[in-house]
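> Next one to model:
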Amino acid sequence: MSKKPTIILVHGFWGGAAHWGKVLLELARRGYQSIHAVDLPLTSLADDAERTRKMVAQQKGPVLLVGHSYGGAVITEAGDQPNVMGLVYIAAFAPDAGESPGGITHKHPPAAMANIEPDSDNYLWLKADKFHESFCQDISPEEALVLAATQKAPLAGTFGDTVTVPAWKKKPSWYQISSEDRMISPENQVAMSARLNARKIMTLEASHALPQSKPFEVAAFIDDAAAEVAK
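Here you go, the predicted structure:
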């Protein structure tokens, strides 16, 4: 039996490493002993990619990178390292060279775009009273309240930072689409997943918050990708 790779989970905007909690527990139940969730500064794509590269570099064996939302742009930028065996996108941005999450977003603006606003320090926030309906309409109001209150806002400029050399052009990839996503339009997800030449594409009827609302399905998808790269 092949050894399971290390799983490194990369969060997106308005979240932190703890957003992966339910998925992390399910992966542990499936026998993964080396799992890490990066906590990004969300100050620029370069900063976030460098933080992820450093985490990858600390691992002694093969790594599977998993990105949710903006985390997909991060793994696209940071994933071209020798021990990265594959990339898994969970309702995530997968930009091509010269593309940014913001540029992709404007092709098909998501339903909740109007609920994002900058503060006086140029951090972007998702309005707390709109968080549940925008980000995670398929989890409980109580869970959504916690996510809204603990949201981690990115610097606005991060949204416009462009990818240089996309790792998905060299690494095998997988993509999980959220059909009811109000933060990254499903049309954009379909378009991005189609050009990846992905090993597998799966669509779930879910909000943007797949790691919270569909942790078992997300973990199973990651597990399938990990089994394939471990062959």
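
> Name the residues that touch stretch 11-20?
9, 37-40, 42, 67-72, 92, 124-126, 131, 135, 147, 150-154, 158-159, 209, 211-212 (CB atoms under 8 Å, 6 or more residues apart in numbering). Where C-beta positions appear, they are placed from N, C-alpha and C, glycine not excepted.

> Report the secondary structure state of I139.
Assigned with DSSP: H, G, I helix; E, B strand; the rest coil, I139 falls in the coil class.

> if we can go back for a sec, give me the buried subset of the contacts of stretch 11-20.
Restricting the contacts of stretch 11-20 to buried positions leaves 9, 37-38, 40, 42, 67-72, 92, 124-126, 131, 135, 147, 151-154, 158-159, 209, 211-212, with burial counted as 16 or more other CB atoms under 10 Å.

> list the contacts for the residue lying closest to L87 once chain neighbours are set aside?
Leaving out its chain neighbours, the residue that sits closest to L87 by CB to CB, 6 or more residues apart in numbering is S173, at 4.5 Å. When contacts are counted by CB under 8 Å, 6+ apart, S173 touches G86, L87, V88, Y89, A94, L196, N197, A198, R199.

> Please identify which two of those residues are farthest apart in space.
V88 and N197 (14.4 Å; CB to CB).

> The two: who's more crowded?
Neighbour comparison, V88 and N197: the larger count goes to V88, with 30 against 10 (by other CB atoms under 10 Å).

> Do I have it right that that one meets L64?
Yes. The criterion here is CB atoms under 8 Å, and V88 meets it with L64 at 6.5 Å.

> Identify the contacts common to these two.
I222, A225.

> Let me see the ranges of the helices in the chain.
Ranges of helices within the chain are 21-29, 45-57, 71-78, 101-107, 131-135, 141-149, 186-195, 210-213, 215-229, based on DSSP state H.

> Put the alpha carbons of the third one into PDB.
Backbone C-alpha positions of helix 71-78 (Å, rounded to 0.1, in the frame of the first residue of the first chain) are rendered in PDB as follows:
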ATOM      1  CA  GLY A  71      -6.700  29.600  -1.800                       C
ATOM      2  CA  GLY A  72      -6.900  28.200  -5.300                       C
ATOM      3  CA  ALA A  73      -5.000  31.200  -6.700                       C
ATOM      4  CA  VAL A  74      -2.400  30.600  -3.900                       C
ATOM      5  CA  ILE A  75      -1.800  26.900  -4.800                       C
ATOM      6  CA  THR A  76      -1.700  27.900  -8.500                       C
ATOM      7  CA  GLU A  77       1.100  30.300  -7.700                       C
ATOM      8  CA  ALA A  78       2.900  28.200  -5.100                       C
END
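
> Mind giving me the packing neighbours of that helix?
Applying 3 or more CB pairs under 8 Å, 6 or more residues apart in numbering; DSSP states H and E, one finds that helix 71-78 contacts strand 6-10, helix 45-57, strand 63-69, strand 84-92.

> so what strands line up beside the last one?
Based on DSSP bridges, the pairing partners of strand 84-92 within the sheet are strand 63-69 (parallel), strand 173-178 (parallel).

> Quick one: residues contacting the closest residue to H208 other than its chain neighbours.
Excluding its sequence neighbours, the residue lying closest to H208 (CB to CB, 6+ apart) is M183, at 4.0 Å. Counting by CB under 8 Å, 6+ apart, M183 touches S69, A91, P110, A112, S134, F135, H208.

> In space, what's closest to H36 - neighbours in sequence excluded?
I8 (5.0 Å).

> mind checking how far the one you found is from Q81?
11 Å (CB to CB, to the nearest Å).

> shared neighbours of the two, which are they?
Residues within reach of I8 and of Q81 at once, by CB under 8 Å, 6+ apart, are V56, V63.
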